[in-house]
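Peer 1: Here is my input, please return the structure:
(one chain, ligands or ions: 1)
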Amino acid sequence: MTLPATDCDGLELRRAERADLLAVFRIESASFPQPWPYDAFERFLGTPGFLVAELDRQVVGYVIADVVRNHGSPVGHVKDLAVHPDRRGLGVGSSLLSAALSAIVTSGARSVRLEVRESNAPARRLYRRFGFDPLRRVSDYYDDGEDALVMVRELPADAGDR
Ligand SMILES: CC(C)(COP(=O)(O)OP(=O)(O)OC[C@H]1O[C@@H](n2cnc3c(N)ncnc32)[C@H](O)[C@@H]1OP(=O)(O)O)[C@@H](O)C(=O)NCCC(=O)NCCS
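Peer 2: All right, here's what the predicted structure looks like:
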């Protein structure tokens, strides 16, 4: 799978653990007007698509992706992605997204989708760089009335499938 280069010195990615949840929740709260509640993150502990990024042993970002069945076919979904406001623009978000897409491919999904606020230019740019195309707009998707843009990307078959 061809993805944009992701280089961020000293960055470590790993599965999220319970001890990470407070840092994750703090980043979430600093990043979104309607943050997920703390216990929403607990549900994804131990899943292959819940990853954190560490710099200097501090959690600086995370991603949550999963795979659901749509008419019998597995489809990836990037559900949440955020980087600490002080650590943006270093490649952390790109690295997390890249790792999440790899996990989704490994799960056998052949496409991945996500929702993004229409006004969220940095996130939309990131997703465009990763080959996501806008699919449709969902009116009034967010609690404050903003529309969401659904973006989608086709994925190559996992090499392990062949
Ligand atoms: C969207 C978000 C996750 C991106 O994270 P990030 O770590 O800043 O992403 P990156 O650093 O990988 O990429 C951001 C920019 O930095 C640039 N960049 C990446 N690595 C770089 C480096 N080493 N040197 C200089 N610039 C770099 C990228 O090219 C990119 O440029 P662009 O804005 O023109 O696309 C982050 O802005 C965020 O947390 N936003 C709030 C939450 C949010 O909106 N989440 C998405 C919900 S759908």
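
Peer 1: Every contact and neighbour count from this point should use C-alpha atoms.
Peer 2: Will do.

Peer 1: tell me the contacts of residue 147?
Peer 2: 117, 118, 137, 138, 139, 140, 141 (CA atoms under 8 Å, 6 or more residues apart in numbering).

Peer 1: Just the buried ones out of these, please.
Peer 2: Buried by 16 or more other CA atoms under 10 Å: 117, 137, 138, out of the contacts of residue 147.

Peer 1: anything in the helix ranked longest in the chain near the ligand?
Peer 2: As assigned by DSSP state H, the longest helix anywhere in the chain is helix 92-106. Yes - looking at helix 92-106 against the ligand by CA under 6 Å from any ligand atom, the contacts come from 92, 93, 94.

Peer 1: wait, doesn't the second one sit right on residue 85?
Peer 2: No - in terms of CA atoms under 8 Å, residue 93 does not count as a neighbour of residue 85; the distance is 11.2 Å.

Peer 1: got the residues of the protein near the ligand?
Peer 2: Residues of the chain lying close to the ligand (CA under 6 Å from any ligand atom) are 7-8, 31, 81-83, 88-94, 116, 122-123, 125-126.

Peer 1: Recalculate using a threshold of 5 Å.
Peer 2: Residues of the chain lying close to the ligand by CA under 5 Å from any ligand atom are 31, 81-83, 88-94, 116, 123, 125-126.

Peer 1: out of these, which is most surrounded?
Peer 2: Taking other CA atoms under 10 Å as the neighbour criterion, residue 92 ranks highest of those with 28 neighbours.

Peer 1: Tell me, how many residues neighbour the closest residue in space to residue 117 that isn't next to it in sequence?
Peer 2: With CA to CA, 6 or more residues apart in numbering as the criterion, residue 117 has its nearest non-adjacent residue at 4.7 Å, and that residue is residue 148. Look at residue 148: counted by other CA under 10 Å, it has 20 neighbours.

Peer 1: who are the neighbours in contact with residue 148?
Peer 2: 115, 116, 117, 118, 137, 138, 139, 140, 141, 142.

Peer 1: So in this protein, which strand runs the longest?
Peer 2: strand 58-70 (DSSP state E).

Peer 1: What are the buried residues along the next helix or strand after that one?
Peer 2: Under the assignment DSSP states H and E, the closest C-terminal helix or strand after strand 58-70 is strand 73-83. Using 16+ other CA under 10 Å as the test for burial, strand 73-83 gives 74, 75, 76, 77, 78, 80, 81, 82, 83.
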